[in-house]
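Chemist: Give me a 3D structure for the following:
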Amino acid sequence: MQRAGVLTAINSDDAEMGRRLNQEAAKSVMYAGMSEEDALKMVTLNPAKMLHLDNQMGSIKVGKSADIVVWTDHPLSVYAKPEKTIIDGKVYFDLEKDAQNNKVLADDRARLIQKNEECQEIRDAHTTR
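Modeler: Here you go, the predicted model:
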């Protein structure tokens, strides 16, 4: 359809599919011979054009609204993970901060498990008397 000049987009009302539209676009490169640029447009600029909102969103340009994902790899790669997600100018996800938070949680969990084991040993010592 895209080769015939039809404005084409990929979208979904399913939350899971919505999280990986970049991978769906990559299938168009692999199986339809589409350029990477045109594939990315199917999940960015083209939907904005279809909604007549391309003057406000759909591409990165001064004056436009933009929710941006910075990827760890090429956005069409299945190995790409979101490194940062920025919505309305606010960082909502940062992979580095997420790793730091996970380390803090793991340390807290280990500390609580250790404390629980110590308490269990004390309880066991008192019940065997």
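Chemist: So what's the gap between the lengthiest helix in the chain and the chain middle?
Modeler: If you go by DSSP state H, the chain has its longest helix at helix 95-127. Mean C-alpha position of helix 95-127 versus that of the full chain (Cα atoms, centre = their mean, to the nearest Å) differs by 30 Å.
Chemist: Give the buried residues for that helix.
Modeler: Along helix 95-127, not one residue counts as buried under the neighbour rule (16 or more other Cβ atoms under 10 Å). To be clear about C-beta, it is placed using only N, CA and C from the backbone, and glycine gets the same treatment.
Chemist: how near is Arg125 to Ser35?
Modeler: Rather than Arg, residue 125 is Ala. For Ala125, the distance to Ser35 (Cβ to Cβ, to the nearest Å) stands at 71 Å.
Chemist: er, Lys90 I mean
Modeler: Per Cβ to Cβ, Lys90 is found 32 Å from Ser35.
Chemist: neighbour-wise, which of these two wins?
Modeler: Relative neighbour count places Ser35 above the other of Lys90 and Ser35, with 11 against 7, counting by other Cβ atoms under 10 Å.
Chemist: How about the contacts made by the more buried one?
Modeler: Listed by Cβ atoms under 8 Å, 6 or more residues apart in numbering, the contact partners of Ser35 are Val29.
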